[in-house]
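Trainee: Give me a model of this one.
(one chain, ligands or ions: 1)
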Amino acid sequence: MGGQPLYLEPRSGPRLRSLLDSAELLHTLTDALGSPLNVVVPEQIAENLERFRAVYGRHHLAGQVFFAHKANRSSALLRRLAATDAGVDVASLGELRHALGAGFPPDRIMATGPKSPEFLWLAARVSVTVGVDSPGELEQLAALVRKHGLPRVRVLLRLSGFEAPGVRVLSRRSRFGSPAGELEPLLDAVERHRDVLDLTGLAYHLDTMGLAEKATALEGCLRALERCRSRGFTPRAVDVGGGFGVDYLADGGQWERYTSELTAAVLGTRPPLTWGGHGYGLRNEAGTVRGTLGLYPAHRPVAGERYLDALLAHPAAALGGRPLAELLLEHLYDLHIEPGRALLDQCGLTLARVLEVRPGEPGGELLVRLAAKADDVALEEHGVLMDPVLLPRDPAGDGTGPVAVHLFGSRCLETDLITRRTVFLPRRPEPGDLMAFVNTAGYCMDFHATRAQLQPVARKVAAWQEGGAWRWCLDDQYWPTASMGGAK
Ligand SMILES: *Cc1c(COP(=O)(O)O)cnc(C)c1O
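Mentor: Sure thing, here's the model as predicted:
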């Protein structure tokens with residue numbers, strides 16, 4: 001098998017663990033509804049929200065948690081969140097309609113991202129806050145409000161390209177947001193359109209894990225807010241976007257071992273760990289490893305609400321070295337956040353049926369084909385390496401010891417690999433077994449799903465616990481009355 005098995009055991013909380021322990025239910029569901037199948041657990045998203053709220057409480061901060069809808073299309077998760085006091089960040093006309101239909105009042109909705117005229121119109125019509133991305137969009141919105149006689153719109157200006165005074169310029173380029181250095185002309189425009197636009201705050205969203213980079217942006221926003229005030233505006237909020245991340249793996253030691261063995265495999269000092277010698281960004285140049293590992297840091301203890309906590313405790317370099325939370329509090333600014341992935345942590349899993357198990361090269365890995373496409377379990381797409389949990393059809397079967405396998409999808413393409421890496425399983429899978437990919441709700445479940453080759457898109461079910469047993473319904477049949485013990 002080429003050495004010791006290198007496991008990457010997923011971190012699973014009590015709800016997902018309890019679901020995995022209900023293998024018979026998961027087999028029955030997949031038999032009935034087809035493979036792949038997504039299962040979401042709406043109660044978890046409410047719990048995750050509370051964790052973020054607790055960080056607000058510790059820092060005595062007010063403001064809203066806006067769930068970044070784009071990370072999952074589930075109606076059940078959205079409706080469960082509508083039953084809390086959270087907000088939702090919508091980035092398309094469809095998401096806005098979904099949020100309104102799930103019961104979010106407009107004052108808990110924020111419209112961001114690239115916007116069509118229809119999206120802008122509906123957002124303005126129902127009075128949701130609009131995160132404005134550019135001077136052009138500001139003009140477009142103002143013209144639309146005038147033309148259609150709509151109510152004055154609350155806007156947040158999204159900025160990008162912040163500079164740390166005297167230090168390096170933030171190098172990260174973004175398609176979104178107006179350059180922070182061009183705030184003045186932007187404020188001139190807001191001034192001109194004051195009758196139709198109400199500037200309520202500033203925003204940024206950086207697709208990075210770097211804490212220092214985000215702290216610089218937050219500081220930049222605080223300075224820009226002062227500038228707004230000195231020009232007579234009364235903004236109250238700063239929106240720091242999303243990107244709080246998820247800790248995917250149960251064991252940091254496994255991650256360390258895996259990445260050093262992957263490096264050794266790229267150098268050729270151990271047998272390959274991937275299909276076709278793929279190096280996840282690393283390559284061997286005359287015996288030296290080059291490149292950068294293009295993987296999500298799957299073991300990430302400071303993720304989610306802990307990352308927010310760390311950001312708030314971060315000293316503001318140019319503002320006296322005081323913690324950022326203190327500066328927000330001092331100015332009584334609301335802190336808005338837009339977590340997608342982090343709010344979906346532990347909120348669901350993806351099931352795929354094993355269709356075929358055959359030997360590969362002599363002494364090599366087994367080739368395992370699943371009733372799912374790579375798009376249905378987009379862990380690879382996001383660089384998240386995590387083992388599936390094998391749920392045997394026959395739990396009493398005479399399982400052999402650990403095996404190394406390659407996981408293929410059911411599309412007629414050489415590249416339809418569920419994972420490009422060799423996966424180690426504690427026992428040999430058999431046709432009819434299920435593989436459960438844990439913690440896929442953030443981006444991996446439905447963001448990339450297609451109907452290529454007329455293969456079905458995974459159905460989604462919502463599951464919740466009642467009196468010690470799991471109950472379930474189709475995702476679009478779910479309303480919070482089900483899992484919140486309300487009227488049936
Ligand atoms: C995608 C996105 C988010 C969510 O990012 P996560 O990494 O999932 O937390 C938040 N805000 C904006 C503007 C986004 O585009």
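Trainee: just the helices in the stretch 51-200 of the chain please.
Mentor: All helices of the stretch 51-200 of the chain, identified by DSSP state H, counting those that start in this stretch, fall at 75-82, 93-102, 117-125, 135-147, 183-192.
Trainee: what angle do the longest helix seen in the chain and helix 183-192 make?
Mentor: The helix that spans the most residues within the chain, counting by DSSP state H, is helix 211-230. Here the directions of helix 211-230 and helix 183-192 differ by 40 degrees (axes from the mean of the first three to the mean of the last three Cα atoms, to 10 degrees).
Trainee: can you tell me if helix 211-230 touches the ligand.
Mentor: No - Helix 211-230 stays clear of the ligand (Cβ under 6 Å from any ligand atom), getting no nearer than 11.7 Å. To be clear about C-beta, it is placed using only N, CA and C from the backbone, and glycine gets the same treatment.
Trainee: and the residue of the stretch 51-200 of the chain nearest the ligand?
Mentor: Distances between the stretch 51-200 of the chain and the ligand by Cβ to the nearest ligand atom are smallest at residue 68, namely 3.4 Å.
Trainee: Please apply the same query to the stretch 251-400 of the chain.
Mentor: Going by Cβ to the nearest ligand atom, the ligand is nearest to residue 340 of the stretch 251-400 of the chain, at 2.5 Å.
Trainee: Point out the residues in this protein that sit beside the ligand.
Mentor: Proximity of the chain to the ligand (Cβ under 6 Å from any ligand atom) is limited to residues 68, 70-71, 89, 112-113, 205, 241-244, 338-342.
Trainee: Filter the residues you listed down to the buried ones.
Mentor: The neighbour count (16 or more other Cβ atoms under 10 Å) marks 68, 70-71, 89, 112-113, 205, 241-244, 338-342 as buried among the residues of the chain next to the ligand.
Trainee: For residue 475, give its distance to the ligand.
Mentor: Going from residue 475 to the ligand by Cβ to the nearest ligand atom, to the nearest Å gives 20 Å.
Trainee: neighbours around that residue, how many?
Mentor: Using other Cβ atoms under 10 Å, residue 475 is surrounded by 24 other residues.
Trainee: What of residue 69?
Mentor: By other Cβ under 10 Å, neighbour count at residue 69 equals 28.
Trainee: who's in contact with it?
Mentor: Going by Cβ atoms under 8 Å, 6 or more residues apart in numbering, residue 69 touches 78, 88-91, 95, 98-99, 340.
Trainee: before we move on, back to that, for the longest helix of the chain, packing partners?
Mentor: strand 153-160, helix 183-192, strand 197-203, strand 237-239, helix 305-313, helix 324-330 (3 or more Cβ pairs under 8 Å, 6 or more residues apart in numbering; DSSP states H and E).
Trainee: and the ones you listed as a markdown table, adding mean pLDDT?
Mentor: Putting those into a markdown table (pLDDT from 0 to 100) gives the following:
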| stretch | mean pLDDT |
| --- | --- |
| strand 153-160 | 96 |
| helix 183-192 | 96 |
| strand 197-203 | 98 |
| strand 237-239 | 98 |
| helix 305-313 | 98 |
| helix 324-330 | 96 |
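Trainee: Dump the ones you listed to JSON lines, plus mean neighbour count and distance to residue 364.
Mentor: As requested, the helices and strands packed on helix 211-230 are exported to JSON lines (neighbours: other Cβ atoms under 10 Å; distance: least, Cβ to Cβ, whole Å):
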{"stretch": "strand 153-160", "mean neighbour count": "24", "distance to residue 364": "48"}
{"stretch": "helix 183-192", "mean neighbour count": "15", "distance to residue 364": "59"}
{"stretch": "strand 197-203", "mean neighbour count": "23", "distance to residue 364": "51"}
{"stretch": "strand 237-239", "mean neighbour count": "25", "distance to residue 364": "51"}
{"stretch": "helix 305-313", "mean neighbour count": "20", "distance to residue 364": "40"}
{"stretch": "helix 324-330", "mean neighbour count": "19", "distance to residue 364": "52"}
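Trainee: Identify whichever of those lies nearest to residue 394.
Mentor: Of all the helices and strands packed on helix 211-230, helix 305-313 sits nearest to residue 394, with 40.9 Å by Cβ to Cβ.
Trainee: Export that closest one to PDB, keeping only CA atoms.
Mentor: Included here for helix 305-313 are C-alpha records, laid out as PDB according to Å, rounded to 0.1, in the frame of the first residue of the first chain:
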ATOM      1  CA  GLU A 305     -15.700  33.200  15.800                       C
ATOM      2  CA  ARG A 306     -12.200  32.800  17.200                       C
ATOM      3  CA  TYR A 307     -10.800  34.500  14.200                       C
ATOM      4  CA  LEU A 308     -13.200  37.400  14.700                       C
ATOM      5  CA  ASP A 309     -12.100  37.600  18.300                       C
ATOM      6  CA  ALA A 310      -8.400  37.700  17.200                       C
ATOM      7  CA  LEU A 311      -9.200  40.500  14.700                       C
ATOM      8  CA  LEU A 312     -10.900  42.500  17.400                       C
ATOM      9  CA  ALA A 313      -8.100  42.100  19.800                       C
END
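Trainee: helix, strand or coil for the closest residue to the ligand within the stretch 101-250 of the chain?
Mentor: Here the stretch 101-250 of the chain gets closest to the ligand at one residue, residue 242, 2.6 Å apart by Cβ to the nearest ligand atom. Classification of residue 242 using DSSP: H, G, I helix; E, B strand; the rest coil returns coil.
Trainee: Apart from its neighbours in sequence, what residue is nearest it?
Mentor: Leaving aside its sequence neighbours, residue 242 sits nearest to residue 338 (Cβ to Cβ, 6 or more residues apart in numbering; 4.4 Å).
Trainee: pretty sure the one you found contacts residue 66?
Mentor: Yes - with contacts counted by Cβ atoms under 8 Å, residue 338 reaches residue 66, the gap being 4.7 Å.
Trainee: shared neighbours, the two?
Mentor: 89, 110, 239.
Trainee: how near is the second one to residue 446?
Mentor: For residue 110, the distance to residue 446 (Cβ to Cβ, to the nearest Å) stands at 22 Å.
Trainee: Where does the prediction get shaky in the stretch 351-488 of the chain?
Mentor: 486-488 (pLDDT under 70).
Trainee: related to what we said a few turns ago, my guess is the residue of the stretch 51-200 of the chain closest to the ligand contacts residue 244. True?
Mentor: No - between residue 68 and residue 244 there is no contact under Cβ under 8 Å: 10.3 Å.
Trainee: Helices of the stretch 351-488 of the chain, start to end?
Mentor: 480-483.
Trainee: where do the strands sit along it?
Mentor: Ranges of strands in the stretch 351-488 of the chain, per DSSP state E, counting those that start in this stretch, are 366-370, 389-391, 403-408, 423-425, 434-438, 459-466, 469-474.
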